[in-house]
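A.B. asks: How does the following fold in three dimensions:
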Amino acid sequence: MYISAAERVPAEVEGAIDALDEVSQCAVIGVPDRKWGEVGLALNRARPGQSVDPERVLAHCRERLARLQGAAAGRIVESLP
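C.D. replies: This next block holds a predicted model:
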């Protein structure tokens, strides 16, 4: 969870991203932002043999979540702890 514009953003963001077929793992973390305090950064790991487009992930969030909840940026990673 992270706090953006004084609102707590729940873990449902990760659930929305996990719904994408090409994503095997996802973690959304808060990163500092001058305007909002924190914004979400989606760290995504692709399923074997597939690729993840960070812009598709962000668009997927915008379609399913309130603007404040969606990740502001996305990054593809090799592994997550």
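A.B. asks: ok, now how distant is the nearest residue to residue 72 once chain neighbours are set aside from residue 32?
C.D. replies: Ranked by Cβ to Cβ, 6 or more residues apart in numbering and with sequence neighbours excluded, the top spatial neighbour of residue 72 is residue 39, at 3.7 Å. (Glycine included, C-beta is placed from N, CA and C.) Distance of residue 39 to residue 32, given as Cβ to Cβ, to the nearest Å: 8 Å.
A.B. asks: and the two? which has more neighbours close in?
C.D. replies: Taking neighbours as other Cβ atoms under 10 Å, residue 39 and residue 32 compare with residue 39 leading, 21 against 8.
A.B. asks: my guess is that one contacts residue 73, does it?
C.D. replies: Yes - using Cβ atoms under 8 Å, residue 39 is in contact with residue 73, at 7.2 Å.
A.B. asks: any common contacting residues for the two?
C.D. replies: residue 31 (Cβ atoms under 8 Å, 6 or more residues apart in numbering).
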